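> Let me see the structure of the following:
(2 chains)
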Number of protein chains: 2
Amino acid sequence: MTELSEARQVDFAAGVARSALAGTTGEFDSWLADCRDRFHTRVEPVPLDRLDGWSVHPETGDIGHHSGKFFTVRGLDVEVVGAPIPRWSQPIISQPEIGILGILVREFDGVPHLLMQAKVEPGNVNGVQLSPTVQATRSNYTSVHGGKAVPYLDYFRDTSRHTVLADARQSEQGAWFHRKRNRNMVVRVDEPVEVLDGFCWLTLAQVHALLRLDDLINMDTRTVLCCFPFSGAGVAYRYPGARDFAADLVGALDPAAPAAHTMGELLSWITDSRTRHDVRVREIPLNEVTDWRWAGGRISHDTGLFFDVVGVGVTAAGREVGRWHQPMLRPRGLGLVAFLVRRVGGVPHVLMNAKVEPGYFDVVELAPTVQCTPDTYAELPAEARPPFLDEVLAAPPERVRFDAVHSEEGGRFMHARTRYVVVETDAEVAPDHPDYRWLAPHQLATLLRHSHYLNVQARSVLACLHSLVTPEGTP
Amino acid sequence: MTELSEARQVDFAAGVARSALAGTTGEFDSWLADCRDRFHTRVEPVPLDRLDGWSVHPETGDIGHHSGKFFTVRGLDVEVVGAPIPRWSQPIISQPEIGILGILVREFDGVPHLLMQAKVEPGNVNGVQLSPTVQATRSNYTSVHGGKAVPYLDYFRDTSRHTVLADARQSEQGAWFHRKRNRNMVVRVDEPVEVLDGFCWLTLAQVHALLRLDDLINMDTRTVLCCFPFSGAGVAYRYPGARDFAADLVGALDPAAPAAHTMGELLSWITDSRTRHDVRVREIPLNEVTDWRWAGGRISHDTGLFFDVVGVGVTAAGREVGRWHQPMLRPRGLGLVAFLVRRVGGVPHVLMNAKVEPGYFDVVELAPTVQCTPDTYAELPAEARPPFLDEVLAAPPERVRFDAVHSEEGGRFMHARTRYVVVETDAEVAPDHPDYRWLAPHQLATLLRHSHYLNVQARSVLACLHSLVTPEGTP
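Residues are numbered from 1 along each chain as shown, chains lettered A, B, ... in the order given. Predicted coordinates:
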């Protein structure tokens, strides 16, 4: 008999708040130090045409695994009608399957804890970082690796006995991946869960404190974190000690908080962006890509900008398989991802940019205010610089609310690091600007319940913004 | 200076209710009769290989227009891993561009009116039907026809001075179109609008009354109609005279009405459906399609089921261009689209089916409870019949809340007619059924603000369900 769901309408935002304000419960530092002692990788350069298990297709030049699984490095031909650079081609990682990124949540003494994993990835600058409970490609869980089963995966594959707090497919870097998506899930269990070696329960407060350190909370964690149900009616009452910026931020997570634009206006703006831009993307053989060259066993752009495709040999301890080779994408320069935040009627709003990237599933996604590699513009004239870049770089320290460097996905990207910044501003933007809008944080939360609205950079820096609800020094 | 949007937060649902309960204001019947006198088409069969302006590609067999615009009839190779019919190929209409379907709304004496168009389409069984204010492919408004400009289009292309009540891209028939989408828009203007020949202001009450007649409110109108903001807080107070089923329906349009599943549960179910189904679709040359044959200047399935691809010559009065040839898709048999509606805790819920169709942009969309061509199953065993088909066909008259036959898009489909039915039921479905869920009408309204959740059949029958808020005999 079908019954109403009211009994299941738990106030998740209240639990999130308890977790975001909780003190430390375990011996995290010694656990992490122990994991760092025991889990590591050694990574050596290997020319792309000499990778074990991978081959360069004799006709197309595509770099693929012998199994046909994992991913392929191909070419992408991109046409963006009417854009300043209307056409280009580039190497791209083609990985059309949908993996799972999942964080398991369980309450201890009424405080939700997150089951985090100490994971080494070959692309990490520092070996171990904290990943979600499950970080699995479809190849992982169909065991193409020939490795061990993915622990805890069943909680995310059959959720019928649990409570799903978040579940949507989200894109990853649209300049580096073609149509890569992962299912971002948060699942709450009410039963005992065995804690395996390399796993640890942490509160949101602890994760938020760790987000302030460089290179520790990995990309997959950040994208799932931002999907936690922070937003809710009356959420301000859940953070009674919040002061100053944190208090205003908490207020802006309440769906009743007024906003610069209605949801209807924002959705229409997104629909218009996705209809207006005529983007034509097709995968092409890697050897038909122009302005890129093979040299020294890697592929680089003629200008030395953007990224290289490189090969690596990995020897790992504490991971599913001990030794393997693989191609990776190594970006040039430190990335910058920034939110400008401005109070509108007292409510902090975030400036979002409707951005075209070739790898997106649906033309345009909402990107942060600034998303670029500043070095790329070092020798270009001022008018070529991305909007608001100088506003971010010149922000006085007292206006910088968050500032840390984090790593991008260490399984595909080699030493890909990005500076994440949240800056308060008084900047104005025309309310009918075609590419920018101020959104209240509760509106971002509404969009995040659905797929493909916020890009991975926006999700990462949103996790950083959310972390400010936890007072510094809490745990 | 950016300001808060509160002043723009109009209670749209109140205006919708005033329009849905309004009496007749104009001389609709005589206007329609006059349009029918003056606007008609003559349609003659023409073999597919002798269509003026179109050609059959010598190598692929694809049927395309000389301009490269409009649409192409191609082949589609479909693989649905694990399905009862795991692989097939079929002809398909390929039209990847995004058109606009828009209804202009203006208040007269406080009552919103819709600017409707009397439009002839070659595929209509009865010539004139009522279409939205604007029904334009991108070819239309870039004037590939060489015809006249599309009237009223500017209201939808630049909405900055108006109020957008709905704006999302929605799919069309996923078995007949590959990735066809239209932008469904409702735009309210507060300025005088010239009423051109063939256009007429109608209230929602009038449109709802006309929906009870066969073959008058065309498909494009139905899909835009269902996106009107019917749902809203306290909406029951807007329909003070509602009785019985209408009263319960109005109550279920209030977002505060309890529901069988939370939105989080429903979104997770949709994400799971879209991840679980492994659907591989690619366009192939039309002459590589198997089990279909060219004969007598048309293309038909070997079994005589599904549809034919036919050619027609059209001579029209009252339309942009006077004479043209084109291919069309002619379905075999009358379609059936039905909602089963069941009260859960007193709140009417609709049984939705997560359905794979090859032409969808994103794997799965929510279809009505039943969507099929009953004749297809006439000679098949009982276990091959679609779930709930017999429940619909055998419904006692007092449980049938809506029953009318409507036409599908007359610009692409020849005499494509579907019986739309809303039936009350006591049927039970397991709450964790992989493919079916009970949704409250306000939950459907929430999904409709976004793209690609409800398929065109569901949107059509939802417009029929909404029409029940208007008491019979109102205008």
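> by contact count, what packs against the helix or strand hosting A:Ala404?
For A:Ala404, the element it lies in under DSSP states H and E is strand A:400-407. With contacts taken as 3 or more C-beta pairs under 8 Å, 6 or more residues apart in numbering or on different chains; DSSP states H and E, strand A:400-407 sits against helix A:219-225, strand A:417-424, helix A:456-467. Heads up, the C-betas are built off the backbone N, CA and C, glycines and all.
> Can you give the contact residues for the worst-scoring helix or strand of chain A on mean pLDDT?
In chain A, the helix or strand scored least confidently by mean pLDDT, DSSP states H and E is helix A:138-141, which has a mean of 72. Residues outside helix A:138-141 that contact it (C-beta atoms under 8 Å, 6 or more residues apart in numbering or on different chains) are A:69-70, A:97-100, A:145, A:149-150, A:153, A:157, A:320.
> could I have that helix exported to PDB, CA atoms only?
The C-alpha coordinates for helix A:138-141 follow below in PDB (Å, rounded to 0.1, in the frame of the first residue of the first chain):
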ATOM      1  CA  ARG A 138      32.000   1.600 -14.300                       C
ATOM      2  CA  SER A 139      35.200  -0.200 -15.200                       C
ATOM      3  CA  ASN A 140      36.000  -0.400 -11.500                       C
ATOM      4  CA  TYR A 141      32.900  -2.100 -10.500                       C
END
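> right, is the helix or strand that that helix is followed by up against chain B?
From helix A:138-141 onward toward the C-terminus, using DSSP H and E, the following helix or strand is helix A:153-157. No: on the criterion C-beta under 8 Å from any C-beta of the partner chain, helix A:153-157 is out of touch with chain B, staying 9.2 Å away.
> A:Tyr239 and A:Gly251 touch, don't they?
No: using C-beta atoms under 8 Å, A:Tyr239 is not in contact with A:Gly251; the gap is 9.2 Å.
> closest one to B:Ala316 among the helices and strands packed on strand A:400-407?
Taking C-beta to C-beta, helix A:456-467 is the member of those nearest to B:Ala316, at 48.9 Å.
> do that closest one and chain B meet?
No: Helix A:456-467 stays clear of chain B (C-beta under 8 Å from any C-beta), getting no nearer than 15.9 Å.
> quick one: that helix to chain centroid distance?
Taking C-alpha atoms, centre = their mean, to the nearest Å, the mean C-alpha location of helix A:456-467 is offset from the chain mean by 8 Å.
> ditto for stretch A:249-269
How far stretch A:249-269 lies from its chain's middle: 23 Å, per C-alpha atoms, centre = their mean.
> Endpoints of that stretch, how far apart?
With C-alpha to C-alpha, to the nearest Å as the measure, the first residue of stretch A:249-269 is 24 Å from its last.
> Quick check: buried residues in that stretch?
Within stretch A:249-269, the residues scored as buried using 16 or more other C-beta atoms under 10 Å in any protein chain shown are A:249-255, A:257, A:259-269.
> List, out of those residues, those positioned next to chain B.
A:259-265, A:267-268.
> tell me which of these is nearest to A:Asn287?
Distance to A:Asn287 across these (C-beta to C-beta) is lowest for A:Leu267, with 41.9 Å.
> Would you agree that closest one is in contact with B:Arg449?
Yes: assessed by C-beta under 8 Å, A:Leu267 is found in contact with B:Arg449 at 5.8 Å.
> what touches both of these two?
Common contacts of A:Leu267 and B:Arg449 (C-beta under 8 Å, 6+ apart): B:Ala168.
> number of nearby residues for A:Ala416?
Per other C-beta atoms under 10 Å in any protein chain shown, the neighbour tally for A:Ala416 reads 24.
> Excluding chain neighbours, what is closest to it?
Once flanking residues are discounted, A:Ala416 sits nearest to A:Glu408: 3.8 Å by C-beta to C-beta, 6 or more residues apart in numbering or on different chains.
> The one you found: what's it in contact with?
Contacts for A:Glu408 were tallied using C-beta under 8 Å, 6+ apart; they are A:123, A:173, A:219, A:331, A:335, A:416-418.
> likewise A:Phe199?
If you count contacts by C-beta under 8 Å, 6+ apart, A:Phe199 has them with A:115-118, A:133, A:151.
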